[in-house]
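J.: Okay, sequence plus prediction incoming.
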Amino acid sequence: MTHNTTANWTKRWTFILAATGSAVGLGNIWKFPYITGEYGGGAFVIVYLACILAVGIPVMIAEIMAGRAARANPVDAMLDLSAQAGAPKIWSIVGLGGVIGGLMILMFYSVVAGWALDYSWQSLTAAYHESSADTIEANFGALTGSFSRQWFWQTLFVVFTGGVIAAGVTGGIGRAVEILMPLLMLFLLGLLIYSWSVGEVGPSLSFMFTPDFSKLSTEAVLVALGHAFFTLSLGMGAIMAYGAYMPGEHSIGKTVMLIGALDTGIALVAGLAIFPLVFANGLEPSSGPGLMFVSLPIAFGQMPGGVIFGSVFFILVSIAALSSSISLIEPGVAWLEGHGIPRKLGTLLAAGIGWLGGIACIYSGDFFNALDHVTANYILPLGGLLIAIFVGFVLSRDRVKQEVAFESERYFALWHFALRYVAPLGILVVFLHSVGVI
Ligand code: PHE
Ligand code: NA
């Protein structure tokens, strides 16, 4: 025990809030349920959970360790660490790839966050209150068919994101996360209870948890792995950038388990709340990105107090999206700032690129899908693969051991093994499988 324990606890808490804010977002509430529906349920969920445990958690520990060791943005962190280890500078490409990947994600992420804002507005104005399921389904089509509506809300979302980043209050977002994240969980649980009381629970449970591996496509495995990275914000330096908040002597392991459990728990609860409504209302589990934007308004439109409940819910989802989106451009802005480009200008640049790309996503669903596909399924796992190799093999075992500060030798050995072998081989096998080599 040292005299600065309290200060360290505060710092560790700041890190937990920032990282949780980054992890928990549209990936959990929007994407997880709809890809689970698209890729057939049970077997997909099991592969996804396995990827979180065997690949995501070990890589997350490595990313935080790297960020904490270098105390710099991801590009410079990789430069510093490779210089210290006598490794080539080219490793910084991991950081650079992350900066670019973050911008690419922001492009489609801001469009979906715009949908959440639009639904906040629809909820506040009782636009779908007591409407039929068909009308509500048509509502989503009307939104995705309207350039101006999507453009308006996407623009607003990017402005919010840029505002937080430019003000340099990424740490301050922790305050919002501290209050709003528990509230989001509370609302999700409330929704779960409602959904289970009116919906089809049995079919949902068997859909989500009864694995039929014969239905598991090659692509489903790639998507499950990709989503493990996406949902934990891994492979692009977001978590590395936040690693700088972590006080030196704190063990990373427990913190990562906590964040991983929270993120996974929220995704599962979202799925468990959404599918009973999907089945009860004759919707298709495989209906795609509109899954939550159709099933939930049906529920909000019918439940007592649904106008208020739905409004608060969609606003909370929008805020969760905001705390994720700031972590998409923070690494890039921090990197530019470290090289003489003022924070406000860097923000303008990054947010501007994200905003323009978002407009392109609104114009072209193909571009939207391509960005989602390439970032989640290739850029993030590739980034994770390189980070695992770098921390696992390039940095010395002693250095790494000291940096992660695990309580027990056994846990360290287990993690180091997972990082050196399980995670890289897992990613490689899935990659090779998806291109048909194995
Ligand atoms: N993890 C976020 C989510 O689940 C998305 C994200 C991905 C954020 C990558 C930062 C980096 O919504
Ligand atoms: Na997530």
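T.: Yep, it's here. Ligands and ions are numbered 1, 2, ... in the order given.

J.: roughly how far apart are the spatially closest residue to Arg397 that is not a sequence neighbour and ligand 2?
T.: Excluding the flanking residues, the one nearest Arg397 by CB to CB, 6 or more residues apart in numbering is His416, at 7.0 Å. Yep, even glycine has a C-beta here, placed from its N, CA and C like the rest. Between His416 and ligand 2 the computed distance is 25 Å (CB to the ion, to the nearest Å).

J.: do Phe229 as well
T.: To ligand 2, Phe229 is 10 Å away according to CB to the ion.

J.: For the one residue in the stretch 201-350 of the chain that gets nearest to ligand 2, give me its contacts.
T.: Nearest residue of the stretch 201-350 of the chain to ligand 2: Thr231, at 3.4 Å (CB to the ion). For Thr231, the contact set (CB atoms under 8 Å, 6 or more residues apart in numbering) comprises 23, 27-28, 31-32, 52, 263-264, 267.

J.: burial of the residue nearest to Arg397, as a residue count?
T.: The tally of other residues near His416 (other CB atoms under 10 Å) stands at 20.

J.: surely it meets Val391?
T.: No: checked against CB atoms under 8 Å, the pair His416 and Val391 is beyond contact range at 9.0 Å.

J.: residues touching the spatially closest residue to Val198 that is not a sequence neighbour, list them.
T.: Nearest residue to Val198 in three dimensions, chain neighbours excluded: Ala280, at 6.5 Å (CB to CB, 6+ apart). By CB under 8 Å, 6+ apart, the contact list for Ala280 reads 198-200.

J.: Most neighbours among the residues you listed, which one?
T.: In terms of neighbours by other CB under 10 Å, the contacts of Ala280 top out with Gly199 at 23 neighbours.

J.: would you turn the contacts of Ala280 into CSV with distance to Phe275?
T.: Formatted as CSV, those follow (distance: CB to CB, whole Å):
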residue, distance to Phe275
Val198, 13
Gly199, 8
Glu200, 8
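
J.: just checking, which of the residues you listed belong to helices?
T.: Secondary structure from DSSP state H places Val198 of the contacts of Ala280 in helices.

J.: Sort out which one of the contacts of Ala280 lies nearest ligand 1 for me.
T.: Nearest to ligand 1 out of the contacts of Ala280 is Gly199 (CB to the nearest ligand atom; 24.3 Å).

J.: shouldn't that closest one be in contact with Leu283?
T.: No: Gly199 lies out of contact with Leu283 (CB under 8 Å); the separation is 11.0 Å.

J.: shared neighbours, those two?
T.: In contact with both Gly199 and Leu283: Leu277, using CB under 8 Å, 6+ apart.

J.: Find the residue at the geometric middle of the protein.
T.: By CA atoms, centre = their mean, the chain has its centre lying nearest to Thr231, at 3.2 Å.

J.: still on that earlier bit, same list, the contacts of Ala280, but as JSON lines with distance to Phe15 and pLDDT please.
T.: Listed next are these as JSON lines, based on distance: CB to CB, whole Å; pLDDT from 0 to 100:
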{"residue": "Val198", "distance to Phe15": "40", "pLDDT": "97"}
{"residue": "Gly199", "distance to Phe15": "37", "pLDDT": "97"}
{"residue": "Glu200", "distance to Phe15": "40", "pLDDT": "98"}
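
J.: picking that back up, rebuild the contacts of Thr231 as JSON lines, extending it with secondary structure and distance to ligand 1.
T.: Listed next are the contacts of Thr231 as JSON lines, based on DSSP: H, G, I helix; E, B strand; the rest coil; distance: CB to the nearest ligand atom, whole Å:
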{"residue": "Ala23", "secondary structure": "helix", "distance to ligand 1": "5"}
{"residue": "Gly27", "secondary structure": "helix", "distance to ligand 1": "2"}
{"residue": "Asn28", "secondary structure": "helix", "distance to ligand 1": "5"}
{"residue": "Lys31", "secondary structure": "helix", "distance to ligand 1": "7"}
{"residue": "Phe32", "secondary structure": "helix", "distance to ligand 1": "8"}
{"residue": "Ile52", "secondary structure": "helix", "distance to ligand 1": "12"}
{"residue": "Asp263", "secondary structure": "helix", "distance to ligand 1": "7"}
{"residue": "Thr264", "secondary structure": "helix", "distance to ligand 1": "11"}
{"residue": "Ala267", "secondary structure": "helix", "distance to ligand 1": "8"}
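
J.: Just the buried ones out of these, please.
T.: Among the contacts of Thr231, those classed as buried by 16 or more other CB atoms under 10 Å are 23, 27-28, 31-32, 52, 263-264, 267.

J.: Considering only those, which also neighbour ligand 2?
T.: Near ligand 2, judged by CB under 5 Å from the ion, the entries from the buried ones among the contacts of Thr231 are 23, 27-28, 263.

J.: Of these, which is the nearest to Arg343?
T.: Proximity of those to Arg343 (CB to CB) peaks at Ala23, which lies at 24.0 Å.

J.: Tell me where the stretch 151-300 of the chain has helices.
T.: All helices of the stretch 151-300 of the chain, identified by DSSP state H, counting those that start in this stretch, fall at 173-198, 201-209, 218-231, 238-243, 252-280, 291-302.

J.: and the fourth one, what other elements does it pack with?
T.: Okay, so that is helix 238-243. helix 5-23, helix 57-70, helix 74-84, helix 93-124, helix 306-337 (3 or more CB pairs under 8 Å, 6 or more residues apart in numbering; DSSP states H and E).

J.: Could you export those helices as TSV, including mean pLDDT and distance to Gly168?
T.: Listed next are the helices and strands packed on helix 238-243 as TSV, based on pLDDT from 0 to 100; distance: least, CB to CB, whole Å:
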stretch	mean pLDDT	distance to Gly168
helix 5-23	84	13
helix 57-70	96	18
helix 74-84	96	18
helix 93-124	98	17
helix 306-337	96	9
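
J.: Just name the most buried of those helices.
T.: Most buried of those by mean neighbour count (mean count of other CB atoms under 10 Å) is helix 57-70; its value is a mean of 27.
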